[in-house]
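Undergrad: coords please:
(chains A and B)
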Amino acid sequence: MEPEQNQNEWLLLRSLDATVSPAEQQQLARAMQEEVVLRRHHDQYLRIRNAIQRTEPDTFGPFFAERIMHMISQRKQDLDFQLFFFFKKYQVLIAGIIVALLIVNLMLSDEFSIAGIFGLDKGTDQDIFSIDINDNLPD
Amino acid sequence: MTVKELSLSATDELLAAAQQDDTEAFRNLVQHSEGKIAAFLRTLLGPIPLAEDLGQDVFLKAFASLKRFQREEEFQLFLLHTAVAIVMPVLKKQSRREFNQSVDPVSAIKNADQPMDRYEIFQFIFNHLEPELQVVIALRLIEGYSVTQMEKILDVSKEAIIERLALAQSRIRYALEETLR
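TA: As a prediction, the model looks like this:
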């Protein structure tokens, strides 16, 4: 059920938490003189406000800050771990690509050798001696 | 002087140190501020483990946003702003549950098996207010924040805060008057 409320009560409540204009102050003062109910409500509001104000400090108990710091360091470790695995994925992928390329080289090469794996063309003595040095010299 | 009673300049220095990855400074900041967050969350939820869990979330979020604060006061308001954002869905869920049960606090108090004292009656009425009204009562009347501070904490206009406060107080007064009659 909603409480009944008149304009003056609303003004009274506003005046408890905000600055009201001089005209509103006058209206409120007049209403407080004339309305017994409004005066009673005013007293009730003040009593409620005094009664519920915090007087004792509160706390989550001892070692709350320590628990927070522990959680932060735990999260940092988790993050480092995640970052490590995030990059680890790419490391494995790159290593896989390199191995695949080496296998392709090996399959394309004629012989099973280190040079074949790395795609190095192993020149024979005949190849070396067949190079015409004079072709590369300036006239 | 304990960490909880530090001056404003001292807490500003703590914030600056914490922003430079000084974990001891952040620990002192937590110690300095946890009482305010504990008071606010426990007022709204009661002394239950969930209040502490939410309190931990508040400080973890604040740690993640540490670099954005210029002054310690901003850090304090951010803590409360985050606490409101975190607790609101919980209060709304509770409120929906009670709405479904359509509990009228005045008749519930009058028909209670055990008679309640004034504090229990207030608590019962407070718990049956809408979450938005509970939050303004907790911040302004229980914890004593100014309406200007509440504007920053709630991200709501001064007029809306005053209106919510007035509505909440009139409901509490009416319910108390009816039940204590």
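Undergrad: okay, CA-based contacts and neighbour counts for the rest of this
TA: Will do.
Undergrad: residue contacts, residue B:162?
TA: A:14, A:17, A:18, B:147 (Cα atoms under 8 Å, 6 or more residues apart in numbering or on different chains).
Undergrad: for the helix or strand containing residue B:63, the distance to its chain's centre please.
TA: For residue B:63, the host element (DSSP states H and E) is helix B:49-64. Relative to the centre of its chain, helix B:49-64 is centred 13 Å away, using Cα atoms, centre = their mean, to the nearest Å.
Undergrad: And the helices in chain B, which stretches?
TA: B:8-19, B:23-45, B:49-64, B:72-100, B:105-110, B:118-127, B:131-136, B:147-154, B:158-180 (DSSP state H).
Undergrad: do you know which of the ones you listed lies nearest residue A:53?
TA: Residue A:53 lies closest to helix B:23-45 among the helices of chain B, at 11.2 Å (Cα to Cα).
Undergrad: per-domain residue ranges of chain A.
TA: Following automatic domain parsing, one finds the domains of chain A at A:7-52, A:77-130.
Undergrad: sorry, that was for chain B
TA: If you go by automatic domain parsing, chain B breaks into B:1-101, B:103-181.
Undergrad: Let's have those domains in a markdown table, adding mean pLDDT.
TA: Formatted as a markdown table, the domains of chain B follow (pLDDT from 0 to 100):
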| stretch | mean pLDDT |
| --- | --- |
| domain B:1-101 | 90 |
| domain B:103-181 | 92 |
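Undergrad: CSV please, covering these and showing distance to residue A:105.
TA: Shown next, in CSV, are the domains of chain B (distance: least, Cα to Cα, whole Å):
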stretch, distance to residue A:105
domain B:1-101, 50
domain B:103-181, 65
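Undergrad: on that earlier part again, of the contacts of residue B:162, which pair is most distant in space?
TA: Farthest-apart pair in the contacts of residue B:162 is A:14 and B:147; separation 11.6 Å (Cα to Cα).
Undergrad: Mind checking if stretch B:46-61 is in reach of chain A?
TA: Yes - residues of stretch B:46-61 contacting chain A under Cα under 8 Å from any Cα of the partner chain: B:52, B:56, B:59, B:60.
Undergrad: Which ChimeraX command selects the buried ones in those?
TA: Restricted to buried positions by 16 or more other Cα atoms under 10 Å in any protein chain shown, the ChimeraX selection for these reads:
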select /B:52,56,59,60
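Undergrad: Contact residues of chain A facing chain B?
TA: A:1-3, A:10, A:13-14, A:17-18, A:41, A:44-45, A:48-49, A:52-54, A:57-60, A:64-66, A:68-69, A:72.
Undergrad: Now the buried members of those.
TA: Using 16+ other Cα under 10 Å, the buried ones in the residues of chain A next to chain B are A:13-14, A:17, A:41, A:44-45, A:48-49, A:52, A:58-60, A:64-65, A:68-69, A:72.
Undergrad: These in helices, which ones?
TA: Counting by DSSP H, these place A:13-14, A:17, A:41, A:44-45, A:48-49, A:52, A:64-65, A:68-69, A:72 in helices.
Undergrad: chain center to stretch B:111-125, what's the gap?
TA: 22 Å.
Undergrad: My error: substitute stretch B:157-173 in the last question.
TA: The answer for stretch B:157-173 is 16 Å, by Cα atoms, centre = their mean.
Undergrad: Check stretch A:80-92 too.
TA: For stretch A:80-92, the distance to the chain centre is 19 Å (Cα atoms, centre = their mean).
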